[in-house]
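Visitor: build me a structure from this.
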Amino acid sequence: MEEETLFEFAAERSRGEIAAYLRALAAQLDGDGSVTVRDGEYTVAVTPSERAVFDVEVERESGDEGSELGIELEMEWNESKEASAERIEPPEPDVGIQFAPDTEDRPEPSQGRFEVYRDRAGEWRWRLVHRNGNIIADGGEGYSSKQNAIKGLRSVQHNAPGARIEELDWE
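Guide: Numbering: from 1, shown residues only. Next up, the predicted model:
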């Protein structure tokens, strides 16, 4: 079987940055299932099959310089009309998940995570939770479907990075 690499990225990152990237990837998989990844030069849109083979491998490679440990995560499925991958040309700068550029002024990885859950009334909600467990923000309303709740939180992720702070007087 012939193999073609559509996207590959390798760089040294902190555990926190890697975890933030994996959370963003998981959120895309958990949403509508489509995943878009980019590295500044390439953007690839992937639509995995509803079911896939998931392979987790922990390796130790030994050599003259010592040994190296690694965790490899791999998802595989058969390509079809519904399950595909394609390079987006030209790359769209605001689409997909990406590590910050490799510079000294990279922002710290997120200290929070988004949670999507069903409330007691059976409606779907989202909230942003700090790593210490405190709820930082929530959607303020229930949604009829999990997908709509995820769309709501993605809207916040997309639209809020440069949001300004306004001080209101309540006299």
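
Visitor: just the mean pLDDT for the longest helix along the chain, thanks.
Guide: The longest helix of the chain (DSSP state H) is helix 15-30. Averaging pLDDT along helix 15-30 yields 81.

Visitor: buried set for it?
Guide: By neighbour count on 16 or more other Cβ atoms under 10 Å, the buried set for helix 15-30 is 17, 20-21, 23-24, 27-28. Every C-beta, even on glycine, is put in place using the N, C-alpha and C of the backbone.

Visitor: now do stretch 145-161
Guide: 146, 149-150, 152-154.

Visitor: same thing with stretch 73-90?
Guide: For stretch 73-90, the neighbour count (16+ other Cβ under 10 Å) marks A83 as buried.

Visitor: may I have the helix or strand containing E68 as PDB, with CA atoms only?
Guide: Using DSSP states H and E, E68 falls within strand 66-76. Once non-C-alpha atoms are left out, strand 66-76 reads as follows in PDB (Å, rounded to 0.1, in the frame of the first residue of the first chain):
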ATOM      1  CA  GLY A  66      21.100   7.100  25.400                       C
ATOM      2  CA  SER A  67      17.400   6.300  25.200                       C
ATOM      3  CA  GLU A  68      14.300   8.300  24.100                       C
ATOM      4  CA  LEU A  69      10.700   7.700  25.200                       C
ATOM      5  CA  GLY A  70       7.700   8.600  23.200                       C
ATOM      6  CA  ILE A  71       3.900   8.300  23.000                       C
ATOM      7  CA  GLU A  72       2.400   7.900  19.600                       C
ATOM      8  CA  LEU A  73      -1.300   8.400  18.900                       C
ATOM      9  CA  GLU A  74      -2.800   7.200  15.600                       C
ATOM     10  CA  MET A  75      -6.300   7.100  14.200                       C
ATOM     11  CA  GLU A  76      -7.000   5.200  11.000                       C
END
